[in-house]
Structure formats: structure tokens, C-alpha cells
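Engineer: Okay, here's the prediction I keep looking at, along with the sequence it came from:
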Amino acid sequence: MPATRERTNPKNGNDNRRGELVRAAAQLFREKGFEGTTIRDIAGAVGMQSGSPFYHFANKHELLMAVMEEGLRLGLERTRAVVDAEGLTPVERFRRLVRAHYGILHETGSDFIPVMLYDWRSLPAPYRRRIVELKDRYDALWQTTLDALHAEGRLGADARIARLMILGAINFSATWYRPRPRNRAGVDLDTLAAETTALFLREAPP
């Protein structure tokens, strides 16, 4: 992987500025696309001079990688909390995973993962290794639950293929879902998650 800037010292507030840059970049990349966003745009969004982001990031691609990393980090936290919750059946855990993933995509401050979906091809191959590693960890958390559902006869497809189809369907909502009252389906995220769960789960076998 290309050399990256070292994390700056939080005592002088530089880590906070780095976080501001990542959040601003995520919002702008989502709105304008990676190619349509300049470092000047990102710097201006956080009140910096146009060259200041290079103190924190070597280039714009490194900033894109940081956006994707942050999205996956937040996603892993939320997903692991669901998987680690005690006393849940596989069906209950699946419902919570679906709702958590919709939240990762659509709730306030949720620009990070949509950027990964839209701009993955803009990230040079040497930068992708860390993102693939984090994504594999995220997928593995889902796979455990889907394997359990398959064992119970609640999935009509191979569990690995089911994961690809389910996450693909949920991720595609990033292209059409908008918060009420502006969304086309006229539903909130709770309803959307419930409908998604019903779509993919079989009735319990007798």
C-alpha cells in the first residue's frame, strides 16, 4: 500500500481536524462523486486553506480510502453489537442486522458506505487491500447468522449466495431511498427493514 501520513497528535487537535476532513469528504464525494470533488472543495467545507488537507493525507485517493475505512469501522461496530447480543434467535438477529445495515446507509452522517459503493473503482488497487480486509470482516459477521438460518431451513438459497443477494439488495437502496416524505416507497427505515426481512425469510418449517 502507498505510504500514508501518520496519525497526528490528538493533544493539538489535529486528529479532530482529520476527522472533519473525512466527514466533509464523505458528504462531498456522495453528492458530487470522487472525480467531481476537489481538494479545494473539501478544504473549504471545513474552513481550511486549499493545501492544508495534505498535512493529513498524502493525496485525494488516500482521503477516499479514509472515508471507506471510517464507514466500515462504524458498520463493524454496529453489526458486532447485534451479533454479540445475548439471547437472540437467528431470525431476531437477522432482523436487527438488516435494520442496522439500512441505518448505516441512510441515517444521519451515513455518507461513508454509499461512497464506497459509488466510488470503489476510483480507489487504486494498492489502497484496496485494507478496505477488502475490513469488508471481509463485515461479511463474516453476517455469514454466521445466515449459516444459522440456513441450518434452520429459513433460507431458500445457499447461505453465501444469500448474503451476496441480501446485502446487494439493501445496498442498492442507496440509489433510490430518501427519508420521508420524499422517498418513493413512502416508508421509513423500520418498515423497509421489516419488508426486506419478510422478503428473504422462509416460514418456519413444521
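Structural biologist: Ah, there it is.

Engineer: So, low pLDDT: which residues of this protein?
Structural biologist: 1-14, 180-186, 206 (pLDDT under 70).

Engineer: Who are the contact partners of Val22?
Structural biologist: 63, 66-67, 70 (C-beta atoms under 8 Å, 6 or more residues apart in numbering). From N, CA and C alone the C-beta is placed, and that goes for glycine too.

Engineer: With His61 instead?
Structural biologist: 122-124, 127 are the contacts of His61 under C-beta under 8 Å, 6+ apart.

Engineer: cool, Ala43 as well?
Structural biologist: Counting by C-beta under 8 Å, 6+ apart, Ala43 has contacts 21, 49-53.

Engineer: can you do 6 Å?
Structural biologist: 50, 52-53 (C-beta atoms under 6 Å, 6 or more residues apart in numbering).

Engineer: State the distance from it to Ser52.
Structural biologist: 6 Å (C-beta to C-beta, to the nearest Å).

Engineer: who wins for neighbours among the contacts of Ala43?
Structural biologist: Pro53 (24 neighbours; other C-beta atoms under 10 Å).

Engineer: can you give me the helices for the protein?
Structural biologist: In the chain, the segments counted as helices under DSSP state H are 14-32, 39-45, 60-84, 90-106, 112-119, 125-151, 159-172, 189-200.

Engineer: which one of the ones you listed lies closest to Pro179?
Structural biologist: helix 90-106 (7.2 Å; C-beta to C-beta).

Engineer: any idea how far Leu105 is from the spatially most central residue of the chain?
Structural biologist: Closest to where the C-alpha atoms of the chain average out (C-alpha atoms, centre = their mean) is Ile113, at 3.0 Å. When distance is defined by C-beta to C-beta, Ile113 is 6 Å away from Leu105.
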